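1. next one to model:
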Amino acid sequence: MKNTLLLIFLLLSSMLLKAQVLDVNNYRSLVKLNSGQSELIADGYFYTASNSLNLDFLNALYNGDFIDNELKQSVKLNGDNYFGAESAYNFQYRFRSDSLLKISNSTLSFSLSNNYFSNIAFNDDYFTLLFYGNSAISEADLSGFRLTYLNYQKFTLGFSKTFETNKLNITTGIGLSLLKGQKFYSMEINNGHFNTVGQGISVDASMDYEFNSSDTSNFDFGDFNGKGVATNFLLTFESKTSGNTLFVEFNDLGSINWNDQSLQIAADTSFAFNGQDIDNLLDYSFTSFSELNEDSMREDFYYSKAKLGETSTKLPAKIGMYYLFNIDKINTEILVGGQNYLFSNMPTPYIFARIKPKLKREFSPIIQMAHGGYSGTQLGLGIEKIFFNRLKLHVFSSHLPGFFQSENTYSQQIRLSISYRFGDIIQ
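-> Residues are numbered from 1 along each chain as shown. Next comes the predicted model:
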């Protein structure tokens, strides 16, 4: 059983080391272009958050540092614990397509992006057994552990059109994404129990689990391990008098089909050991890796249950709704809204309120309060600066304290966006 948990931990560590996050939204990329305008956008963001694991603890995992009791005790377990991380790097070009498509008030866009998404759900027993060993807990319920990690690239073709009524500008948009799957892991423990009798006189464990992975020997950027399709939908209602706008979006509704070299394990296994007293599952001094590979329990857990074959995974689809208030008297925008993921372990919707006063036409600070997602209340700060009436720089963090105080902070995010407007200047 110790090797079983070590394998799970190694998967968890691999996910933490390579995953990167959640952007609130970049609603400006949804705003329609005026006639004769086009725009080139490059942006990237990183996000990580947990409701129990602070950044000191996560950084120690990331760096492979020794995790002492003080660091373990700094973790605030909540019964149901979550960790999430996401990042994307995106290049987009969009332009008014009235003359090209002979459709008035229409916009075409093309984008390329590299995307990471990962999260974990685990209970207190799992953490205690993993980081303190079976000497600290006689009975552990491991049920409900879930891990997801995805790395994929996508090419998206988007189209939107604006319809005018007496009071509203109504914009509808659709995007079609072609997906290239690079790497994925998923694991779920449906039922798992670990029991220790006395001081390790005997250890009994049972586990009903499922594990899936893309090709374990080919996972570099150039490897093509899966393919898929996703769709995006956009609907906006803009008041002609006030400029207030309601945005509704559905992103990444789709899936990736992985090739026949994907690894699949589904098993309901029981184990029994005598004289096993594990003080620290992260202490590798109890065995060498060669012994670990030769262990008969590992053989039962892994090789005898494994098979190769095609499989598919749903993308974590995002649903968002936002409302933009334009307060002309004080030259300020206020954006409020929320978003949630389907097919993911994110426990609660992410809600926020963002204010952007325009101190000068070329410069705006950004202040945001948010709550939910994988973490609690978060304070965000940023700036938006326009250069030469065409080049816009957007720098924002939804949880700025995460970069300065890691011990009592549970989330961290940063976004950088640079856009250049062709045709008419930025208003």
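
2. how far off centre is the longest strand anywhere in the chain?
-> Longest among the strand segments of the chain by residue count, using DSSP state E, is strand 168-197. In terms of CA atoms, centre = their mean, to the nearest Å, the centre of strand 168-197 is set 9 Å apart from its chain centre.

3. low pLDDT regions in the stretch 151-300 of the chain?
-> 198-201, 271-300 (pLDDT under 70).

4. quick one on the thing from earlier: mind giving me the packing neighbours of the next helix or strand after the longest strand of the chain?
-> Using DSSP states H and E, the next helix or strand after strand 168-197 towards the C-terminus is strand 202-213. The elements that strand 202-213 packs onto, with contact taken as 3 or more CB pairs under 8 Å, 6 or more residues apart in numbering; DSSP states H and E, are strand 168-197, strand 263-274. To be clear about C-beta, it is placed using only N, CA and C from the backbone, and glycine gets the same treatment.

5. hmm, 10 Å instead?
-> Applying 3 or more CB pairs under 10 Å, 6 or more residues apart in numbering; DSSP states H and E, one finds that strand 202-213 makes contact with helix 2-18, strand 146-164, strand 168-197, strand 263-274, helix 296-301, strand 311-314.

6. for the helix or strand that the first one is followed by, C-alpha coordinates in CSV please.
-> It stands for helix 2-18. Proceeding N to C from helix 2-18, the next assigned helix or strand is strand 38-50, under DSSP H and E. Taking Å, rounded to 0.1, in the frame of the first residue of the first chain, the C-alpha atoms of strand 38-50 are listed here in CSV:
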residue,chain,number,x,y,z
SER,A,38,-8.4,45.1,-36.7
GLU,A,39,-6.4,44.0,-33.6
LEU,A,40,-3.5,41.8,-32.8
ILE,A,41,-3.4,40.4,-29.2
ALA,A,42,-0.8,38.4,-27.3
ASP,A,43,-1.6,37.4,-23.7
GLY,A,44,-0.7,34.9,-21.1
TYR,A,45,-1.8,34.2,-17.5
PHE,A,46,-1.0,32.0,-14.6
TYR,A,47,-3.2,31.0,-11.7
THR,A,48,-3.0,28.7,-8.7
ALA,A,49,-5.2,28.4,-5.6
SER,A,50,-6.3,26.1,-2.9
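
7. re the thing from before, mind listing what's buried in the longest strand of the chain?
-> Using 16 or more other CB atoms under 10 Å as the test for burial, strand 168-197 gives 168-169, 171, 173, 175, 177, 179-189, 192-194, 196.

8. before we move on, what about stretch 253-266?
-> Leu253, Gly254, Ser255, Ile256, Trp258, Asn259, Ser262, Leu263, Gln264, Ile265.

9. which SS state does Ser364 fall under?
-> Three-state call for Ser364 (DSSP: H, G, I helix; E, B strand; the rest coil): strand.

10. i'd like the first residue to be 401 from this point on
-> Will do, 401 is the new start, and the previous item becomes Ser764.

11. and it, what does it touch?
-> Listed by CB atoms under 10 Å, 6 or more residues apart in numbering, the contact partners of Ser764 are 731-733, 755-758, 782-786, 794.

12. swap in 8 Å and give it another go.
-> Lys756, Pro757, Lys758, Ile783, Glu784, Lys785 (CB atoms under 8 Å, 6 or more residues apart in numbering).

13. which residues does it bridge with?
-> Glu784 (DSSP bridges).

14. could I get the pLDDT score of it?
-> pLDDT, Ser764: 93.

15. again, but for Arg494
-> Reported pLDDT for Arg494: 92.

16. would you confirm that it contacts Leu433?
-> Yes. With contact defined as CB atoms under 8 Å, Arg494 reaches Leu433; the gap is 6.7 Å.

17. once you drop chain neighbours, what's closest to Asn481?
-> Ser452 (4.2 Å; CB to CB, 6 or more residues apart in numbering).

18. my guess is the one you found meets Val475, correct?
-> Yes. Under the criterion of CB under 8 Å, Ser452 makes contact with Val475 at 5.8 Å.

19. which residues are common contacts for those two?
-> Phe527.

20. can you pull up the bridge partners for the residue nearest to the spatial centre of the chain?
-> Among the residues of the chain, the one closest to the centroid is Glu486, at 3.0 Å (CA atoms, centre = their mean). According to DSSP bridges, the partner residues bridging Glu486 are Tyr447, Phe517.

21. ok, it touching Tyr549?
-> No. The criterion here is CB under 8 Å, and Glu486 misses it with Tyr549 at 10.9 Å.

22. straight-line length of stretch 799-818, end to end?
-> Length of stretch 799-818, first residue to last, CA to CA, to the nearest Å: 20 Å.

23. any chance of the contacts of Ser764 in JSON lines, plus neighbour count, distance to Ser811 and pLDDT?
-> Formatted as JSON lines, these follow (neighbours: other CB atoms under 10 Å; distance: CB to CB, whole Å; pLDDT from 0 to 100):
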{"residue": "Lys756", "neighbour count": "19", "distance to Ser811": "21", "pLDDT": "93"}
{"residue": "Pro757", "neighbour count": "15", "distance to Ser811": "25", "pLDDT": "93"}
{"residue": "Lys758", "neighbour count": "14", "distance to Ser811": "28", "pLDDT": "86"}
{"residue": "Ile783", "neighbour count": "13", "distance to Ser811": "20", "pLDDT": "94"}
{"residue": "Glu784", "neighbour count": "18", "distance to Ser811": "22", "pLDDT": "93"}
{"residue": "Lys785", "neighbour count": "14", "distance to Ser811": "25", "pLDDT": "93"}
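
24. taking the residues you listed together, which two end up most distant?
-> Pro757 and Lys785 (13.7 Å; CB to CB).

25. show me what the nearest residue to Leu646 once chain neighbours are set aside is bridged to.
-> For Leu646, ignoring the flanking residues on the chain, the nearest one in space by CB to CB, 6+ apart is Phe637 at 4.6 Å. Counting by DSSP bridges, Phe637 is bridged to Ile570, Leu646.

26. ok, Phe637 - contacts?
-> Leu568, Asn569, Ile570, Thr645, Leu646.

27. could you dump these to TSV with distance to Asp608?
-> Shown next, in TSV, are these (distance: CB to CB, whole Å):
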residue	distance to Asp608
Leu568	53
Asn569	54
Ile570	50
Thr645	49
Leu646	45
